[in-house]
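*Asks:* predicted model and sequence below, questions to follow.
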Amino acid sequence: MLGIIGAMDIEVEALYERMTETEVRTIAGMEFHKGKLEGTEAVVVRSGIGKVNAGICSQILADCYHVTEIINTGVAGSLKAEINIGDIVLSSTAVQHDVDAGVFSYPPGEIPGLGIREFPADEKLLALAKECCERVNPEIQVFTGRVASGDQFIDSKEKKTRIHDTFDACCTEMEGAAIAQAAWLNKIPYLIIRSISDKADDSAHMDYDVFEAKAAANSVRLVTAMAKALSH
Ligand code: ADE
């Protein structure tokens, strides 16, 4: 069973529409849509925004649906000049940019007690996503790199520069690393797929409003192609 999490309606509604044999169950205020996506058994859910929602949602996928993989789909702000609006970033690893226990000598992003600072994505899902993306989204660039998540919408040069320089991350968003942490704790392979909606700078808010739908559509196209490939 494949688990697919999007934070917002725009990131999951197109997937709900493509599902068949759907059963919907509400847990913790989240609607879990279980059925078939392109022939693959899947549960698609809108987690809501932020790391707490994303962590809770992932744990429900583990406990109640016994998912064998988790894909997080959605939009993100670019942290690198060469990654443009509309391009896709696939996670090599994910880190929480708002975790700071530096006073106890932990590096930025490391949660005391876990023994790991960033959570590695699954190599097989990554390879499949790359192959599918080049096929279904040939007009855009696909990057693989670190995703930095935190409970903040990043909309200034200063905030963007801090995250980029501290973590050398490709993009920033608000759920991915929480899903990655939950997946790591539960030993479930995961991948974050993010389509760039803005540059996480002073024009982020305006760009986000304009490009969110286009960016989300690129992610949906890729996730659908992956589900189809996984059904074979
Ligand atoms: N999601 C899309 N753009 C974002 C940004 N700039 N910061 C946080 N999350 C985002």
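*Replies:* That came through, no problem.

*Asks:* the helix of greatest length in the chain and the ligand, are they touching?
*Replies:* When the chain is parsed with DSSP state H, its longest helix is helix 204-230. Yes - applying C-beta under 6 Å from any ligand atom, one finds helix 204-230 in contact with the ligand at Ala204, Tyr208. C-beta coordinates here come from the backbone N, C-alpha and C atoms, glycine included.

*Asks:* could you pull up the residues touching Lys34?
*Replies:* Lys34 makes contact with Met1, Thr22, Glu23, Val24, Arg25, Glu41, Ala42, Val43, Tyr65, according to C-beta atoms under 8 Å, 6 or more residues apart in numbering.

*Asks:* what about the last one, how many residues nearby?
*Replies:* When counting by other C-beta atoms under 10 Å, one arrives at 19 neighbours for Tyr65.

*Asks:* what distance do you get for it to Ile4?
*Replies:* From Tyr65 across to Ile4, the span is 11 Å (C-beta to C-beta, to the nearest Å).

*Asks:* now do the shared contacts for these two.
*Replies:* Val43.

*Asks:* setting aside sequence neighbours, what's the nearest residue to the closest residue to the ligand within the chain?
*Replies:* Residue of the chain nearest the ligand, by C-beta to the nearest ligand atom: Gly77 (2.7 Å). Nearest non-adjacent residue to Gly77, counting by C-beta to C-beta, 6 or more residues apart in numbering: Ala200, 3.0 Å away.

*Asks:* can you check Pro108 too?
*Replies:* Leaving out its chain neighbours, Pro108 is closest to Thr166 (C-beta to C-beta, 6+ apart), at 5.1 Å.

*Asks:* just give me the neighbour total for that neighbour.
*Replies:* 15.

*Asks:* show me how far the helix or strand hosting it is from its chain's centre.
*Replies:* Assigned by DSSP states H and E, Thr166 belongs to helix 157-167. Relative to its parent chain, helix 157-167 has a centroid offset of 19 Å by C-alpha atoms, centre = their mean, to the nearest Å.
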